[in-house]
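# pasted the sequence and its predicted model underneath.
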Amino acid sequence: MSENTSEQKNSALKLLLLGVWALYALIAFCINHTPENGTPAAATPEETAAGTTVSAAGTGATVLPSGSEPAAAVPRDIYLTFDDGPCKNTPQVLDILDHYGARATFFTVGTYVDRYPEYAAEIVNRGNLIACHSYTHDMKKCYTSADAFMNELAQWRQAAQSACGELPERLCVRFPGGSTTKYAAAVSEEIKQRIVADGYQWFDWNAGDNDKWQKGNTEQLPDEEYFMKSYRETISWFDDEPETPVVFLFHDTEDGTVSILPAVLQDLIGRGYRFKLLDSHPKWG
Ligand SMILES: [Zn+2]
């Protein structure tokens with residue numbers, strides 16, 4: 001009886017030891033196979049192809065899922081343009097551009113270049129591009145014929161050359177009122193052909209702050225508010241089109257545009273825009 005009891009006790013002890021060992025083995029197995037404790041498995045080709053960023057394979061370096069890189073603004077190009085000057089506001093516009101490290105193309109009117117030659121020269125001296133917006137800006141006169149327009153261009157050249165010393169290598173031209181103005185309808189195609197044949201290029205715009213278009217100001221907002229609202233609306237058209245070069249129309253003759261310019265430039269910089277001059281626009285080929 002007592003032997004029996006002793007055997008039973010021995011068997012129970014063996015079973016207990018076996019159980020403890022099995023539990024220990026199981027725990028050890030689990031610890032050795034948790035991802036934190038082991039070398040991370042290499043990314044499979046599928047994972048890599050799907051955009052997983054793998055740095056220095058085999059070093060146990062971090063594997064980042066795509067999209068976890070630090071956000072960077074997508075670089076985009078904007079061509080700021082100021083029409084109808086030079087005028088009393090031009091020096092201030094140049095100061096603001098300098099302050100933000102921005103550059104712009106100034107479509108100047110020949111009669112004003114003659115009136116403010118020092119401002120025209122300053123446009124060029126401070127790294128901006130001077131461009132042609134006719135001599136008189138008188139739409140009835142400019143569009144009498146293609147010859148009349150080309151004469152305006154020749155007169156503008158004379159004014160700009162005498163003010164600035166030399167003309168830009170690539171001369172940009174903008175039609176007064178834009179190339180689609182009804183005043184130019186009968187002659188615009190011929191004018192475009194002659195501009196290009198003479199080695200120049202013409203430019204309209206695809207964005208603006210509506211500073212000469214109060215028709216859209218249905219809420220009768222003060223100028224600054226309406227121009228800023230127009231700016232925000234038009235620039236948002238390009239949110240999903242980073243490849244489209246933006247040619248933005250302002251008038252330096254409009255005080256409201258000068259007032260909002262610092263906020264506009266700050267916003268454009270935040271959106272990742274690079275300021276370019278129209279002599280580097282893709283239209284030149
Ligand atoms: Zn104009």
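Looks like it arrived, so ask away. Numbering: from 1, shown residues only.

# which parts of this protein sit against the ion?
Proximity of the chain to the ion (Cβ under 5 Å from the ion) is limited to residues 83, 84, 176. Placement of C-beta: from N, CA and C, glycine included.

# residue 129: which of those residues is nearest?
residue 83 (13.0 Å; Cβ to Cβ).

# am I right that the closest one is in contact with residue 248?
No - applying Cβ atoms under 8 Å as the test, residue 83 and residue 248 come out as separate, 11.0 Å apart.

# who has more neighbours, these two?
Using other Cβ atoms under 10 Å as the criterion, residue 83 and residue 248 rank with residue 83 on top: 25 against 21.

# which SS class is the closest residue to the more buried one other than its chain neighbours?
Among residues not flanking residue 83 along the chain, residue 107 sits closest, at 4.6 Å (Cβ to Cβ, 6 or more residues apart in numbering). What DSSP: H, G, I helix; E, B strand; the rest coil gives for residue 107 is strand.

# residue 198: what's it in contact with?
residue 150 (Cβ atoms under 8 Å, 6 or more residues apart in numbering).

# please apply the same query to residue 94.
122, 123, 126, 128.

# the first one: neighbour count?
With neighbours defined by other Cβ under 10 Å, the count for residue 122 comes to 17.

# once you drop chain neighbours, what's closest to it?
residue 94 (6.0 Å).

# one step back: identify the bridge partners of the residue nearest to residue 83.
residue 83, residue 131 (DSSP bridges).

# from residue 242, how far out is it?
Distance of residue 107 to residue 242, computed by Cβ to Cβ, to the nearest Å: 26 Å.

# cool, and residue 204?
21 Å.

# wasn't residue 230 part of a strand?
No - according to three-state DSSP, residue 230 belongs to no strand; its state is helix.

# give me the nearest residue to it, chain neighbours excluded.
That would be residue 210: by Cβ to Cβ, 6+ apart, it lies 3.9 Å from residue 230.

# neighbours of the one you found, how many?
19.

# which parts of the stretch 51-200 of the chain are strands?
Under the criterion DSSP state E, counting those that start in this stretch, the stretch 51-200 of the chain contains strands at 53-54, 63-64, 76-83, 105-108, 129-132, 172-173.

# of the contacts of residue 94, which is the most crowded?
Top of those by neighbour count (other Cβ under 10 Å): residue 123, with 30 neighbours.
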